[in-house]
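Chemist: Build me a model from this:
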Amino acid sequence: MSKRAFSLSSVLVLSLLLLALPASAAAQSTMSQTTCRMNFNVRGWSLAVKSATGEGTISCDNGQTAEVRIRAKGAGLSAGKYEIRDGHGRFSPVSDVRELFGSYAAGDVSAGAVKEGEALAMSKGSVNLALAGKGTGFDLGAAIERFTITPVK
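Modeler: Model (predicted):
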């Protein structure tokens, strides 16, 4: 094999390796994503201002867990008192459980009496959260909410 053919094949192999690196890094980035779920309980009230507090546990497929506090605040036309027990949330894939902490934005329209069902979708940047739960109480109205998740220290 001539020096020129050897150099050309070396350049070709090196080029192919360099092209494969970004694809490999993207695949590795996707592989490092984890799906997390949250089980929670929340109690709240509303009279023009909506307020709720609660606690929960986040569990991720990669083994990470976090005990969390939940606080929801909103403003709008609403009235009621409610409690959600055994609520469930599902987050969009993230790299680390810490990406889930912070404030999410949501719009809420609800109507319920005695046995209430709640379903909400919200987002915080590129992280999405879908919540569902059943509880007791009554709630009627519409509110724009801020749903904040903080770790228990």
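
Chemist: Give me the buried positions along the longest strand along the chain.
Modeler: If you go by DSSP state E, the chain has its longest strand at strand 65-91. Using 16 or more other CB atoms under 10 Å as the test for burial, strand 65-91 gives 66, 68, 70-74, 76, 78, 80, 82-84, 87, 89, 91. Placement of C-beta: from N, CA and C, glycine included.

Chemist: Next: stretch 39-59.
Modeler: Neighbour counts over stretch 39-59 (16+ other CB under 10 Å) mark Phe40, Asn41, Val42, Gly44, Trp45, Ser46, Lys50, Ala52, Gly54, Gly56, Ile58 as buried.

Chemist: quick one on the thing from earlier: in its sheet, what does the longest strand of the chain sit against?
Modeler: Paired strands of strand 65-91, with direction, are strand 36-60 (antiparallel), strand 127-151 (antiparallel) (DSSP bridges).

Chemist: Just give me the lowest mean pLDDT stretch among these.
Modeler: Taking each of those in turn, the lowest mean pLDDT turns up on strand 127-151, with a mean of 78.

Chemist: any idea how far Thr35 is from the closest residue to Lys73 other than its chain neighbours?
Modeler: Closest residue in space to Lys73, ignoring its immediate chain neighbours: Arg146 at 5.2 Å, by CB to CB, 6 or more residues apart in numbering. Using CB to CB, to the nearest Å, one obtains 24 Å as the distance from Arg146 to Thr35.

Chemist: Which one's more surrounded, these two?
Modeler: Between Arg146 and Thr35, counting by other CB atoms under 10 Å, Arg146 is the more crowded of the two (16 against 13).

Chemist: which residues does the more buried one bridge with?
Modeler: Under DSSP bridges, the beta-bridge partners of Arg146 are Lys73, Ala105.

Chemist: what does Arg69 give?
Modeler: Counting by DSSP bridges, the residues bridging with Arg69 are Glu55, Thr150.

Chemist: my guess is it contacts Phe147, does it?
Modeler: No - between Arg69 and Phe147 there is no contact under CB atoms under 8 Å: 11.6 Å.
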